[in-house]
Structures are given as C-alpha cells and as structure tokens.
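Asker: whatever this is, show me its structure:
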Amino acid sequence: MNQIDRGKSHDGSRNMNPGGIGFWALIAEDFRTNGGNFGTQGFWVLFWHRFGNWRMSVRPRLLRAPLTVLYLVMAKLGEMLCGISLPYTVIVGRRVVLEHFGGMILIADRIGDDVILRQNTTFGIARANELQSRPTIGNRVDVGVGAVVVGAVTVGDDAVIGANAVVIRDVPPGAVVGGVPARILKNGPANE
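Answerer: All right, here's what the predicted structure looks like:
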C-alpha cells in the first residue's frame with residue numbers, strides 16, 4: 001500500500017493480505033514487529049486477521065468452509081480475550097503494531113504499512129446511515145492512546161494522532177493533531 005486508494009475497500013471475497021510476501025513470511029514479520037512474544041495480543045489478532053484473508057484463496061468453497069468456521073471462532077475469541085476487533089475485511093499493511101491491548105475497535109477501510117496503534121483506539125463509522133464511510137490510515141501513522149478516527153476521513157502518511165484525539169476531518173501527511181475535535185497542532189514538512 002504505497003499510496004492511499006479510497007473507494008476500493010475489501011468486500012471479503014478475496015485474499016487481501018499484502019502482496020509480495022507469502023503467508024508464513026508475513027506471519028513471521030508480524031511476530032517480530034509485535035515484540036517477538038507468542039503472548040502478545042496484537043500478534044494473535046493480526047495472525048487471525050491474516051488467516052481470515054488467506055483462507056479466501058482456498059478453492060473450492062467447500063474446502064474453505066472449515067477454515068471459515070475456524071476463523072470466525074478465533075476472531076471472536078480475539079475480541080473476547082484480547083479486546084481487539086479487527087475484521088479480515090479491513091485491508092492491513094505490513095509491520096503494523098497493535099501496541100498493548102484492549103478496547104481496540106479497528107473498523108477502517110484500510111490501515112497502511114508501519115502503523116502503530118495503541119490501546120483504546122477506535123476506527124469506524126460516524127453515523128449509522130453511513131456504514132461504508134470508514135477511515136483510511138496512511139503509512140507510518142502513529143496513533144496515541146484512546147484516539148478515535150471516524151467517518152470517511154484520510155489520515156495522511158507520517159501523521160501523528162495525539163492521545164484521546166477525536167479525528168473527524170482529513171489529516172494532512174506529516175501533521176500532528178490533537179484535541180476534541182482534533183485540530184492540527186503542527187503541520188508536516190510539505191504543508192508548512
């Protein structure tokens with residue numbers, strides 16, 4: 001995901017794991033990125049997210065059915081035991097860190113490469129009648145504790161979202177935002 005591409009969200013019909021890397025290599029990278037510890041909740045949630053996508057490449061559908069049941073059970077356990085909801089329909093880039101755990105609802109259109117997300121982060125819709133209006137998170141974004149990003153907003157590459165910020169408007173690349181509602185505290189190099 002080198003560039004943010006709105007409007008091509010994942011409908012769940014195919015494997016949308018990052019290209020150019022095999023499933024097990026991707027899992028090994030997630031393991032290293034999330035601390036290299038099998039007890040890390042972020043790693044397990046990412047594992048089942050990646051598995052949920054990978055299973056969509058299994059054909060025919062009849063062979064995929066038991067994998068789907070396994071995915072659904074494990075994704076629900078991830079929500080209950082880890083406190084992190086990350087459906088396989090969210091496109092997730094490489095080297096994403098789910099720092100700490102708990103209270104993460106990550107219903108975005110896509111999450112870029114090298115993103116750091118901290119506990120109590122919420123991505124989702126802003127209004128019940130806009131179910132497809134989900135955020136797009138760029139590459140190398142750093143999201144603080146308790147941040148909320150809702151609606152069809154785009155958070156540009158290299159942006160920083162402060163703790164407890166509520167983002168309801170686009171964030172330019174490289175900007176630092178904070179507050180409720182979030183406002184730009186510092187522009188990125190391209191916007192100064």
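Asker: where in this structure is pLDDT low?
Answerer: For the chain, the stretches flagged by pLDDT under 70 are 1-9, 190-192.
Asker: just say helix, strand or coil for the most far-flung residue of it relative to its centre.
Answerer: The C-alpha centroid of the chain is most remote from L62, which lies 29.0 Å away (CA atoms, centre = their mean). Here L62 is recorded as helix under DSSP: H, G, I helix; E, B strand; the rest coil.
Asker: tell me the spacing between the residue most central in space within the chain and L46.
Answerer: The residue lying closest to the centre of the chain (CA atoms, centre = their mean) is I111, at 4.2 Å. The gap separating I111 from L46 is 11 Å, by CB to CB, to the nearest Å. Every C-beta, even on glycine, is put in place using the N, C-alpha and C of the backbone.
Asker: pull up the overlap in contacts between the two.
Answerer: Shared contacts of I111 and L46, defined by CB atoms under 8 Å, 6 or more residues apart in numbering, are found at 92, 96.
Asker: what number of residues lie near the closest residue to R110 other than its chain neighbours?
Answerer: Spatial nearest neighbour of R110, excluding adjacent residues (CB to CB, 6 or more residues apart in numbering): I91 at 3.9 Å. Look at I91: counted by other CB atoms under 10 Å, it has 20 neighbours.
Asker: next structured bit after the helix or strand that contains V69?
Answerer: Using DSSP states H and E, V69 sits within helix 61-77. Past helix 61-77, further along toward the C-terminus, the next helix or strand under DSSP H and E is strand 84-85.
Asker: need the contact partners of that next one.
Answerer: If you take CB under 8 Å, 6+ apart as the criterion, strand 84-85 is touched by 41-42, 45, 78-79, 98, 101-102, 104-107.
Asker: with those in mind, which one is nearest to P173?
Answerer: Closest approach to P173 among the contacts of strand 84-85 (CB to CB): L106, at 21.1 Å.
Asker: show me what contacts the closest one?
Answerer: Neighbours of L106 in contact, by CB under 8 Å, 6+ apart: 84-86, 90, 117, 121, 123.
Asker: what about burial for those residues, which qualify?
Answerer: Among these, those buried by neighbour count (16 or more other CB atoms under 10 Å) are 84-86, 90, 117, 121, 123.
Asker: with respect to V150, which of those residues is nearest?
Answerer: Distances from V150 to the buried ones among the contacts of L106, taken by CB to CB, are shortest for F123, at 7.4 Å.
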